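Enquirer: the following comprises the amino acid sequence and a computationally predicted model.
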Amino acid sequence: MEVFTLNEKTTRLTPGIVRAVANALGVKPKEVIAQNTIRTEFYTRWCWRYIYAMFKFNLPETWDKGYFMKHLLKGSGILGVTDTKFGIVALKCSPYGLNLYEHPTNLTFAVPALATFDREIGVDCVPLFMDDLSLELHVSPLVNCVNYFAEILAQCDGTISQNLMNSRVLVVVESEDKREASTARALIDTLYSGEPVAFTKTGMAGKVNILQAKNSYVSNEIQDLKRSLKNDFLSMFGYNNTNYTKKARQTVSEVDSNNAEIVGGITYWLETLREQMKQANELFGLNLSVKMRPWAEVEEIVGTEEDE
C-alpha cells in the first residue's frame, strides 16, 4: 500500500498541495507518533486486564492481592516469602549469590516499612517466580508478552487509520493557473461520470499533473489479523479461541488441532510457580496455590467483547 508522507522537506509536492492533502486527511503528520503511543497504551491495558482475570490465586487473607499480582505478574516477576514483624508475607525482593549450580542463594528485601534486610533461600525465605529467567533479568515473562502484542495490535490500528485516511484522497491535481485547474476539473468530472473518452485541447494533458493516491482498502483484512493476534495472545495462556475466527469449512478436529500447543504454552509457567509455592507451603505452613480460571469466568470479569 502506498502512503503519501506529508512532509514539506521530503515531498516533491508544492506547499499548496501539501496543505490541501493535509486538510483532506484531517490529521497532521506529527500527530501520528502520539496516536501510536495512545494505541499501544490502550492495548497494553487490554492485555493486562485479561491476564489479571485469568489467574486465580489462593493467598492468606492478610496478604494484599493487588500487591502480590502486580509484582509477580507485571513487575520484576519475583516475590520472596519470609517471616517479618508483620507475620509471614510475600514481598518484592532481589536475588543474589550463586550456589554450585548457579542458582541464587539469598534474597534482599528493600521495604520502606521494614528497611533493608537479607534472607537465605530455603532457610528463612522462598522466592516465588514463574520463569527462571526472572531471577536473572528481574522482569516477569509476561511483560515481554504484553509489550509484543500491544505493539503489533497498535500497528494494526495505525494501518487501519492510515488506510481510511488514504481512501479519502482520490485525486490531487497540480496546475499552473486557475484556467488549467478549471480544465482539469472538467476533465476529471468527465472521467468520473463514466465516459470512456475525455477531450481536451492539445498540450493540456501534458501540463496537468495528476497524482493518483492508491486507495486499496485493506481494513477488513487488518481486522481479521487483529482477531487472529488476540487469539494468539489468549492461546499463550491456555484459552482456545479458534472458534472466534473459525472458518465455515473447518472441521472440529481442525479447530482442536492446536490444543496441545495451547496447553503447553502456560504449563511451564504454572509448574514453575507451583513448585515454589510448594516449598513455601512446607517451610511456612501456608496453603498457596494457583490455577487458571475457566474462560467463562474470565469473560465475566473482563466483560465479553463484541465481535468487531
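Expert: Perfect, I can see it now.

Enquirer: tell me where the protein has strands.
Expert: With DSSP state E as the definition, the chain shows strands at residue ranges 55-58, 79-84, 87-92, 94-98, 104-111, 115-120, 125-128, 171-174, 209-212, 289-292.

Enquirer: dump those strands to TSV, plus distance to K65 and mean pLDDT.
Expert: Where you see a C-beta, it was placed from the backbone N, CA and C, and this is true even at glycine. Converted to TSV, the strands of the chain look like this (distance: least, CB to CB, whole Å; pLDDT from 0 to 100):
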stretch	distance to K65	mean pLDDT
strand 55-58	7	97
strand 79-84	12	98
strand 87-92	11	97
strand 94-98	22	96
strand 104-111	18	96
strand 115-120	23	96
strand 125-128	14	98
strand 171-174	57	65
strand 209-212	58	54
strand 289-292	12	97
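
Enquirer: and the ones you listed: which comes nearest E151?
Expert: strand 55-58 (22.9 Å; CB to CB).

Enquirer: just checking: what are the partner strands of the closest one?
Expert: Looking at strand 55-58 with DSSP bridges, its paired strands and their directions are strand 289-292 (antiparallel).

Enquirer: may I have the strand it pairs with as CSV, with CA atoms only?
Expert: Below are the C-alpha coordinates for strand 289-292, written out as CSV (Å, rounded to 0.1, in the frame of the first residue of the first chain):
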residue,chain,number,x,y,z
SER,A,289,-1.9,-22.3,45.1
VAL,A,290,-2.6,-21.0,41.6
LYS,A,291,-4.8,-22.1,38.7
MET,A,292,-6.3,-20.6,35.6
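
Enquirer: what's next to that strand, contact-wise?
Expert: The contact list for strand 289-292, computed with CB atoms under 8 Å, 6 or more residues apart in numbering, reads M54, F55, K56, F57, N58, F237, G238, I266, L270, L273, R274, M277.

Enquirer: now, of these, which are buried?
Expert: Listed as buried from these are M54, F55, F57, F237, G238, I266, L270, L273, M277; burial here means 16 or more other CB atoms under 10 Å.

Enquirer: export those residues to a markdown table and tack on distance to T82?
Expert: Shown next, in a markdown table, are the buried ones among the contacts of strand 289-292 (distance: CB to CB, whole Å):
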| residue | distance to T82 |
| --- | --- |
| M54 | 27 |
| F55 | 22 |
| F57 | 18 |
| F237 | 29 |
| G238 | 31 |
| I266 | 28 |
| L270 | 23 |
| L273 | 17 |
| M277 | 14 |
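
Enquirer: and the helices in the stretch 1-150 of the chain?
Expert: If you assign secondary structure with DSSP state H, counting those that start in this stretch, the helices in the stretch 1-150 of the chain sit at 15-25, 31-54, 65-69, 133-137, 141-168.

Enquirer: re earlier: so which of the strands of the chain is nearest L283?
Expert: When the strands of the chain are compared for distance to L283 using CB to CB, the nearest one is strand 125-128, at 5.8 Å.

Enquirer: pull the CA atoms of the closest one into CSV?
Expert: Only the C-alpha atoms of strand 125-128 are listed here, as CSV (Å, rounded to 0.1, in the frame of the first residue of the first chain):
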residue,chain,number,x,y,z
CYS,A,125,12.7,-17.4,52.7
VAL,A,126,11.4,-18.8,49.4
PRO,A,127,11.3,-17.0,46.1
LEU,A,128,8.1,-17.1,44.0
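
Enquirer: distance of N58 from Y67?
Expert: Taking CB to CB, to the nearest Å as the measure, N58 falls 16 Å from Y67.

Enquirer: same check on V218?
Expert: On the measure of CB to CB, V218 and Y67 end up 44 Å apart.

Enquirer: does T116 have beta-bridge partners, and which?
Expert: A110.

Enquirer: quick check: it touching A110?
Expert: Yes. Using CB atoms under 8 Å, T116 and A110 qualify as a contacting pair, with a distance of 4.8 Å.

Enquirer: which one is D132 nearest to, not counting chain neighbours?
Expert: In space, not counting the residues next to it along the chain, D132 is nearest to T272; the distance is 7.1 Å by CB to CB, 6 or more residues apart in numbering.

Enquirer: burial count for the one you found?
Expert: Applying other CB atoms under 10 Å, we find 17 other residues in the vicinity of T272.

Enquirer: where does pLDDT dip in this protein?
Expert: Applying pLDDT under 70 to the chain flags the ranges 1-35, 166-174, 191-192, 194, 200-217, 241-265, 304-308.

Enquirer: now do the contacts for the nearest residue to E120 once chain neighbours are set aside.
Expert: With sequence-adjacent residues excluded and distances taken as CB to CB, 6+ apart, E120 is closest to N106, at 5.6 Å. Applying CB under 8 Å, 6+ apart, we find N106 in contact with P95, Y96, G97, D118, R119, E120, I121.

Enquirer: hmm, V126 is touching L283, no?
Expert: Yes. The pair V126 and L283 qualifies as a contact (CB under 8 Å) at a distance of 5.8 Å.
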